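Trainee: Predicted model follows, preceded by the sequence.
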Amino acid sequence: MKKNYLNLYLVTDSDLALGRPVEDVVQAAVRGGTTIVQLREKTASTRDFYHIALRVKEILQGTGVPLIINDRLDIAQAVDVEGLHIGQSDMPYEIARRILGPNKIIGVSCDNDEQLLEMNRYDDVNYVAVQAYGTQTKAEADHPLGPAGVLRSKKLTRHPLVAIGGIHLSNAAEISEAEADGIAVVSEIMSAKDPEDAAKKLYLQLGVKNEK
Ligand SMILES: Cc1ncc(COP(=O)(O)OP(=O)(O)O)c(N)n1
Ligand SMILES: Cc1ncsc1CCOP(=O)(O)O
Ligand SMILES: [Mg+2]
């Protein structure tokens with residue numbers, strides 16, 4: 001895997017944080033080498049999501065780790081974070097890009113080849129995301145590709161590719177070898193007893209190289 005800001009992507013879920021404040025888990029994960037953080041708080045109220053985002057933004061200040069908001073363009077704007085992640089039921093890509101402008105990171109989940117090819121129409125998509133394995137964390141995610149499918153997706157897309165879903169210490173290396181530009185995890189870090197150590201161990205599995 002080539003070195004870049006997508007290498008180790010933490011996607012949060014407060015419900016999986018073993019009762020700890022999400023910002024504490026984020027802080028530890030960043031100490032462990034997490035390179036990008038997405039706030040994915042599917043059950044939080046707008047007000048709670050907004051306040052969590054403010055606290056996490058403060059923690060990430062000065063670290064160089066970008067903060068991405070899942071789904072909620074309004075919160076991404078209100079907190080002025082670095083970017084937004086959208087899926088196939090969320091705001092259409094071109095609308096999100098028009099509203100957020102050229103300097104924000106926008107990532108898009110793709111559930112099949114057609115959606116990957118559709119995103120090839122846009123020069124300015126920052127990354128696409130595909131599902132690696134099955135997972136309990138998102139029950140509706142039902143298009144796991146495995147390493148061979150991730151490699152195929154990488155060849156189809158012209159954008160950086162993030163793999164997500166069921167990625168743990170035991171299988172991170174094979175996804176990295178499938179030419180993903182980054183791996184995204186929820187439970188492996190959010191539910192780890194020691195999130196800093198979990199992030200460190202995952203990062204080591206990625207065999208990140210400085211080559212261009
Ligand atoms: C990095 C990353 N990849 C995929 C997703 C899933 O997005 P989506 O399909 O919109 O589903 P929800 O996360 O909104 O339930 C993601 N959030 N992050
Ligand atoms: C948000 C999301 N999108 C596809 S799978 C998934 C959840 C991944 O969670 P985990 O890393 O715990 O399998
Ligand atoms: Mg979504």
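Mentor: Noted; the coordinates are in hand. Residues are numbered from 1 along each chain as shown. Ligands and ions are numbered 1, 2, ... in the order given.
Trainee: list the contacts for the residue of the chain found nearest ligand 3?
Mentor: Ranked by CB to the ion, the top residue of the chain for proximity to ligand 3 is Gly87, at 3.6 Å. Quick note: C-beta positions are derived from backbone N, CA and C, even for glycine. Applying CB atoms under 8 Å, 6 or more residues apart in numbering to Gly87 gives the contacts 71, 108-109.
Trainee: List the buried residues of stretch 47-60.
Mentor: 49-50, 52-53, 56-57, 59-60 (16 or more other CB atoms under 10 Å).
Trainee: and which of the contacts of Gly87 is nearest to Met91?
Mentor: Of all those, Met91 sits closest to Asp71, with 8.2 Å by CB to CB.
Trainee: Phi and psi next, for that closest one.
Mentor: Main-chain torsions, Asp71, degrees, to the nearest 10: phi 70, psi -40.
Trainee: returning to what we had before: could you single out the nearest of the buried residues of stretch 47-60 to ligand 2?
Mentor: Nearest to ligand 2 out of the buried residues of stretch 47-60 is Phe49 (CB to the nearest ligand atom; 15.6 Å).
Trainee: what about the longest helix along the chain, distance to the chain center?
Mentor: Longest helix of the chain, by residue count under DSSP state H: helix 46-60. Relative to its chain's centre, helix 46-60 lies at 17 Å (CA atoms, centre = their mean, to the nearest Å).
Trainee: For my notes, please list the buried residues of stretch 47-60 in TSV and give pLDDT and distance to Asp80 for each entry.
Mentor: Output for the buried residues of stretch 47-60, formatted as TSV (pLDDT from 0 to 100; distance: CB to CB, whole Å):
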residue	pLDDT	distance to Asp80
Phe49	97	15
Tyr50	98	12
Ile52	97	15
Ala53	98	10
Val56	98	13
Lys57	98	8
Ile59	97	15
Leu60	98	12
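Trainee: could I get these as CSV with distance to Glu82?
Mentor: Output for the buried residues of stretch 47-60, formatted as CSV (distance: CB to CB, whole Å):
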residue, distance to Glu82
Phe49, 16
Tyr50, 16
Ile52, 16
Ala53, 11
Val56, 11
Lys57, 9
Ile59, 14
Leu60, 9
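Trainee: rewinding a little: next secondary structure after the longest helix of the chain?
Mentor: Once helix 46-60 ends, the next helix or strand along the chain (criterion: DSSP states H and E) is strand 67-70.
Trainee: Show me the strands paired with that following strand, marking each as parallel or antiparallel.
Mentor: strand 36-39 (parallel), strand 83-86 (parallel) (DSSP bridges).
Trainee: what residues does the last one touch?
Mentor: Residues external to strand 83-86 that are found in contact with it (CB under 8 Å, 6+ apart): 38, 40, 66-73, 76, 93, 96, 100, 104-109, 126, 129.
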